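Visitor: Dropping a prediction and its sequence here:
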Amino acid sequence: EAGVAQSPRYKIIEKRQSVAFWCNPISGHATLYWYQQILGQGPKLLIQFQNNGVVDDSQLPKDRFSAERLKGVDSTLKIQPAKLEDSAVYLCASSLTVGTSGYEQYFGPGTRLTVT
Amino acid sequence: AQKITQTQPGMFVQEKEAVTLDCTYDTSDPSYGLFWYKQPSSGEMIFLIYQGSYDQQNATEGRYSLNFQKARKSANLVISASQLGDSAMYFCAMRNNNAGNMLTFGGGTRLMVKP
């Protein structure tokens, strides 16, 4: 089965510019997550979708970050305007559904963003 | 609030030996799950093993086993017979079963396997 797809893999932008990342989850996975991983740290959840609804976006900096999953499949994460501290790897993950069993999250390869 | 602590920033192990990566957690919820992920230099997070808070036995998956000590709130990963390909970052994560499927990650441990 195909894994989680993300594009682009790398992006370099100047501060104050905007950028968008795309994620296609594993087929059939209802739940989609975006994480930010700053160099040397563990991933931090930005937003979680269940189908096309937001479950948790408490750690999303909403003044500059936005995300959508309009048809309950693909998702885009946008940053506008970017700051230097947004330099990180942005990981997309998906899982079958929310539940109490394993339901491990499967991660994509990530998008490495460098803001100069 | 949940917290995951990995106290070993870096570890060396000789090829073919076993190694234990430490993870302690803090939560007030009785129902939770613990995960270990491997992140090689390519950047992708690879799921290794899962332990539920109510599971009676320690989880095992091939060369990976999870030493779950609930009273001590620890969930250490044991890798047996280390291989050169095991060199990577390893992250411990916790999910609160009463708060969706959100994972809270520790800071990671870099494992380096010596030939």
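Guide: Right, received. Where do you want to start?

Visitor: contacts and neighbour counts: CA atoms only from here.
Guide: Will do.

Visitor: gap between stretch B:16-34 and the chain center?
Guide: Centroid separation for stretch B:16-34 versus its chain: 6 Å, with Cα atoms, centre = their mean, to the nearest Å.

Visitor: Run through who's touching that stretch.
Guide: Contacts of stretch B:16-34 with the rest of the structure, by Cα atoms under 8 Å, 6 or more residues apart in numbering or on different chains, involve A:100, A:102, B:1-8, B:13, B:50-54, B:72-83, B:92-98, B:106, B:109.

Visitor: Could you list which of those residues belong to helices?
Guide: Using DSSP state H, no member of the contacts of stretch B:16-34 falls in helices.

Visitor: In contact with A:Pro25, which residues?
Guide: By Cα under 8 Å, 6+ apart, A:Pro25 lies in contact with A:Gly3, A:Val4, A:Ala5, A:Leu32, A:Val73, A:Asp74, A:Cys92, A:Ala93, A:Ser94.

Visitor: Narrow the residues you listed to those in strands?
Guide: Residues from the contacts of A:Pro25 lying in strands, with DSSP state E as the criterion: A:Ala5, A:Leu32, A:Cys92, A:Ala93, A:Ser94.

Visitor: taking those residues as a set, which two sit the farthest apart in space?
Guide: Greatest spacing in the ones in strands among the contacts of A:Pro25, by Cα to Cα: A:Ala5 and A:Leu32 (11.9 Å).

Visitor: who's more crowded, these two?
Guide: Comparing A:Ala5 with A:Leu32 by other Cα atoms under 10 Å in any protein chain shown, the one with more neighbours is A:Leu32, at 32 against 19.

Visitor: who in chain B is up against chain A?
Guide: Proximity of chain B to chain A, by Cα under 8 Å from any Cα of the partner chain, involves residues B:32-33, B:42-47, B:50-52, B:91, B:97, B:100-108.
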